[in-house]
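Peer 1: Below is the structure, and that's it, no one-letter string:
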């Protein structure tokens, strides 16, 4: 296989690629200038860091990152814009890249101390705007919030959401199912600011609230955590209440979706009376409102890939994502089967462009 | 086609090196025991540069769940992205699916030089590393 710069499978894409999952890495010292006291002092004096739960840090030769993405000076992967430009944006011909953060800190995943979480989210947003979004025209950002306090989260969305390069609100997937009406002020704020809701798993304990013995089990079952969120959004009527809202499910691939749509449709036929605010088949709601990233891609032949899209019933639901710089990064050439030009254009560019109304809506570069 | 790629002294046991073989990028190296190997530098999965990976060992297949036995130290090439393992002493076979293997090149020592060639027999007078 010959990998050429700026190509997707089957050749270059004139529009370039939209990458819907790029993890810039923020380090705690980066956030300090954006924090007021006492929050700043808890980090500088007391050494505060967010608690982490995932017991697996070893999956590949460089932990959870690509071995070739660490910086030559030893700084962690994803922490330097110039290096990210060279290795990802330029190399892969990325037209627009959506930053999804390192999820550390992940304010919405903090247990307790919501005030600290709220301060961290604001600091993260200000840092992201100044050091990433306003430094490269290709990069667009995620509004980080402390969703445990939905009113404060909505205020943060209203504060930074109008920034022209903020395109979504990011919610981590851990131990909260976000369709609950308690969190609806967040979705109202996203809708009024023309922002997508995006979900990316952080450290969900996928075995009945605990972690399985092996990373291979956890990584296999990440999609189950995503299935809970999709089901929660659909049956709690989030899209009935916020008809302009769109949801992007990041980093569980899309092969679980045909099963889930069919299962939800079947349940709806029998149990509609329990959720009378749902007035159409769940699969129709999913097709209209929810998009799914490609990564992590299973290995497909061309025919298998098309069969899976047939099961989805749409070619507009799947958006390319690389997950750079993480270990399970997908390359737009090596990670994909050959596909016809019209489909390639949708997967690598057009579907994401249609999802994000704040991206410049020009199909030509 | 064959090409001198470095001196043997420039490639120590346990070391990986990226070299250009004509227009092709190769990963060459020596196992912990000193055996030379040469493969295409692109992983057969997604094209990652294998020279950025690790030459290491791995856990031996076992019939006993929970048993770990670290073997083949210096004989397993792990991809820098997804961590796939390739056995450099078995023609670059992918360890999770031996039906698949890395693109392989011949590598041998001629005097003080390390020479890479396409998979033909070494020319007369040259000693293939595998025969040493």
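Peer 2: The structure has been received and is ready for your questions. Source: prediction; values computed, not measured.

Peer 1: Show me the contact partners of the strand or helix carrying residue B:39.
Peer 2: Under the criterion DSSP states H and E, the helix or strand holding residue B:39 is strand B:36-40. Here strand B:36-40 makes contact (CB atoms under 8 Å, 6 or more residues apart in numbering or on different chains) with B:11, B:21, B:24-31, B:50, B:77, B:86, B:88-89, B:92, B:102-109, B:114, B:116, B:129. No exception for glycine: its C-beta is placed from N, CA and C like everyone else's.

Peer 1: All the strands of chain A, residue numbers only.
Peer 2: Here chain A has its strands, by DSSP state E, at A:7-8, A:11-12, A:17-22, A:94-99, A:139-144, A:166-173, A:196-201, A:247-250, A:290-293, A:318-319.

Peer 1: If you could redo that for chain B, that was the one I meant.
Peer 2: B:2-7, B:16-21, B:24-30, B:36-40, B:54-59, B:70-78, B:85-87, B:93-94, B:97-101, B:106-110, B:113-117, B:127-128.

Peer 1: what about residue A:181, how many neighbours?
Peer 2: 12 (other CB atoms under 10 Å in any protein chain shown).

Peer 1: so how many other residues sit close to the spatially closest residue to it that is not a sequence neighbour?
Peer 2: Counting by CB to CB, 6 or more residues apart in numbering or on different chains, residue A:236 is the residue found nearest to residue A:181 once chain neighbours are left out, at 6.7 Å. Applying other CB under 10 Å, we find 20 residues neighbouring residue A:236.

Peer 1: Make sure residue A:236 is actually in contact with residue A:179.
Peer 2: Yes. The pair residue A:236 and residue A:179 qualifies as a contact (CB atoms under 8 Å) at a distance of 3.5 Å.

Peer 1: Quick one: find the helix or strand in chain B with the lowest mean pLDDT.
Peer 2: Across the helices and strands of chain B, mean pLDDT, DSSP states H and E gives its lowest value to strand B:127-128, namely a mean of 42.

Peer 1: With chain A instead?
Peer 2: Each helix and strand of chain A was given a mean pLDDT (mean pLDDT, DSSP H and E); the minimum falls on strand A:7-8 at a mean of 73.

Peer 1: Sheet partners, orientation included, of it?
Peer 2: Partner strands for strand A:7-8, per DSSP bridges, with pairing direction: strand A:11-12 (antiparallel).

Peer 1: residues in contact with the closest residue in space to residue A:152 that isn't next to it in sequence?
Peer 2: Excluding its sequence neighbours, the residue lying closest to residue A:152 (CB to CB, 6+ apart) is residue A:118, at 4.9 Å. Contacts for residue A:118 (CB under 8 Å, 6+ apart) come out as A:107, A:146, A:149, A:152-153, A:156.

Peer 1: Could you do residue A:98 as well?
Peer 2: Listed by CB under 8 Å, 6+ apart, the contact partners of residue A:98 are A:18-22, A:139-142, A:167-168, A:198, A:352, A:356.

Peer 1: again, but for residue A:330
Peer 2: Contacts for residue A:330 (CB under 8 Å, 6+ apart) come out as A:294-297, A:321-323, A:336, B:46.

Peer 1: Name the nearest residue to it, sequence neighbours excluded.
Peer 2: Counting by CB to CB, 6+ apart, residue A:330 lies nearest to residue A:295, which is 4.3 Å off, once chain neighbours are set aside.

Peer 1: Then residue A:127?
Peer 2: Once its chain neighbours are removed from consideration, residue A:127 has its nearest residue in residue A:34; the separation is 5.2 Å (CB to CB, 6+ apart).

Peer 1: Provide a list of residues in contact with that neighbour.
Peer 2: Residues touching residue A:34, when contacts are defined by CB under 8 Å, 6+ apart, comprise A:122-124, A:126-127.

Peer 1: And it, how close does it get to chain B?
Peer 2: Distance, residue A:34 to chain B, using CB to the nearest CB, to the nearest Å: 33 Å.

Peer 1: What is the burial count for residue 117?
Peer 2: Let's take chain A. The local packing count at residue A:117 equals 27, with neighbours defined by other CB under 10 Å.

Peer 1: if you could check chain B rather than the one you did, that'd help
Peer 2: 19.

Peer 1: Settle this for me: it is touching residue B:105, isn't it.
Peer 2: Yes. In this structure, residue B:117 sits in contact with residue B:105. The criterion is CB under 8 Å, and the distance is 6.9 Å.

Peer 1: Tell me who's in contact with the nearest residue to residue A:281 once chain neighbours are set aside.
Peer 2: In space, residue A:281 comes closest to residue A:265 once its chain neighbours are excluded; the distance is 5.0 Å by CB to CB, 6+ apart. Contacts here follow CB under 8 Å, 6+ apart; on that basis residue A:265 touches A:281-283.

Peer 1: Now list the buried members of those residues.
Peer 2: Neighbour counting by 16 or more other CB atoms under 10 Å in any protein chain shown classes A:281-283 among the contacts of residue A:265 as buried.

Peer 1: and the least confident helix or strand of chain A, how far out from the chain's middle?
Peer 2: Computed by CA atoms, centre = their mean, to the nearest Å, the separation of strand A:7-8 from the middle of its chain amounts to 22 Å.

Peer 1: just to revisit the earlier point, switch the contacts of residue A:34 over to TSV; also include pLDDT and neighbour count.
Peer 2: Formatted as TSV, the entries for those read as follows, by pLDDT from 0 to 100; neighbours: other CB atoms under 10 Å in any protein chain shown:
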residue	pLDDT	neighbour count
A:122	97	24
A:123	97	25
A:124	97	27
A:126	98	16
A:127	97	19
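
Peer 1: I'd like the list of the residues you listed that fall within helices, please.
Peer 2: Where those overlap with helices, as defined by DSSP state H, the overlap consists of A:122-124, A:126-127.

Peer 1: Select, from these, the two members most distant in space.
Peer 2: When those are compared pair by pair using CB to CB, the farthest-apart members prove to be A:122 and A:127, with a separation of 9.6 Å.

Peer 1: still on that earlier bit, quick check: of the contacts of residue A:330, which lies closest to residue A:160?
Peer 2: Sorting these by distance to residue A:160 puts residue A:321 at the head of the list, at 22.9 Å, by CB to CB.

Peer 1: Quick check: closest non-adjacent residue to the residue of the stretch 251-365 of chain A found nearest chain B.
Peer 2: Shortest the stretch 251-365 of chain A-to-chain B distance, computed as CB to the nearest CB: residue-wise this is residue A:334, at 3.3 Å. If the residues on either side of it in the chain are set aside, residue A:334 comes closest to residue B:46, at 3.3 Å by CB to CB, 6+ apart.
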